Structure formats: structure tokens, C-alpha cells
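Engineer: Quick one, fold the following:
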Amino acid sequence: MAQIRIYLDEDSTAHRFQRILRAAGCDTLAAGEAAMLAKSDREQLEFAARTGRVLFTGNQGDFARLHRQWIASGATHSGIVIRTRGLISPEAQAQRLLEIVATRMADEMVNTLLFIGRRAA
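Structural biologist: Have a look, this model is predicted:
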């Protein structure tokens with residue numbers, strides 16, 4: 001079973017966030033590194049699916065809709081993780097994403113849509 005590899009779309013490419021993920025040993029690729037800047041959301045998801053990477057984004061509305069469309073059409077993606085607006089720091093975002101990476105394998109993320117946000121007090 002393969003480990004989860006992450007693709008960060010343009011909404012999620014804060015350098016501090018990337019450094020935290022990479023320092024923890026997470027295989028991470030950003031949109032700019034993949035020459036995917038200014039591509040459509042569909043193209044971002046297609047790229048992530050084609051390269052076997054879970055897409056991480058803050059674009060909740062568009063990617064939740066794309067997920068539903070893909071599932072309805074029978075298409076397969078490698079997983080989508082959406083950070084909700086309540087998340088306050090890159091460190092908190094990275095911690096939540098690293099928890100997912102540590103507790104799931106890549107095949108468990110196929111066609112999965114997860115939301116991460118502020119933990120309940």
C-alpha cells in the first residue's frame with residue numbers, strides 16, 4: 001500500500017505550510033512547482049488524479065461541486081482535502097493534514113472528500 005502524496009493547489013501554497021509538511025517527511029508538490037499556476041479547478045483535480053496525489057485546497061465550493069460531478073460521472077480522483085475557513089494558522093492546517101497522512105493509505109483516499117477545520121473546544 002502506498003503512502004499519501006499531497007498536491008497543493010494555488011489556494012494552499014503558503015511557503016510556511018509547505019515547509020512544515022516537508023519537514024515532517026510528507027511528499028508534497030505545489031501548483032507552482034508543477035507548472036499548474038492559473039489552471040482551472042478541473043485541471044488542478046485532473047493533474048492530482050493523474051499523478052496519484054491528494055489535492056489540498058481552501059476552495060470549498062468549487063472542489064466540493066467537482067467531487068460530486070466526478071463521482072456521478074464514474075471518474076476517479078486520488079482524494080480531496082478542503083480546509084474550511086475556521087482554520088487559523090498554517091501550523092494547524094499542516095497538523096490536521098499530517099494526521100490524515102499518518103492514519104490513511106493512498107488507496108483509502110480514492111474518491112474521498114474530507115474537510116478540516118478548527119477543532120471543537
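
Engineer: counting contacts, what elements does the worst-scoring helix or strand of the chain on mean pLDDT pack onto?
Structural biologist: One helix or strand of the chain scores below all others by mean pLDDT, DSSP states H and E: helix 15-23, with a mean of 89. For helix 15-23, the elements it packs on are strand 6-8, strand 28-30, helix 90-103, judged by 3 or more CB pairs under 8 Å, 6 or more residues apart in numbering; DSSP states H and E. Just so you know, the C-beta spots here come from the backbone N, C-alpha and C atoms, and that holds for glycine as well.

Engineer: of the ones you listed, which approaches Ile80 most closely?
Structural biologist: Ile80 lies closest to strand 6-8 among these, at 9.9 Å (CB to CB).

Engineer: Please enumerate residues in contact with the closest one?
Structural biologist: Contact with strand 6-8 is made by 17-18, 21, 26-31, 34, 44, 47-48, 51, 53-57, 97, 101, as judged by CB atoms under 8 Å, 6 or more residues apart in numbering.

Engineer: Selection in PyMOL covering whichever of the residues you listed are buried, please.
Structural biologist: The buried subset of those, as determined by 16 or more other CB atoms under 10 Å, is captured in PyMOL by this line:
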select buried, resi 17+18+21+26+28+29+30+31+34+44+47+48+53+54+55+56+57+97+101
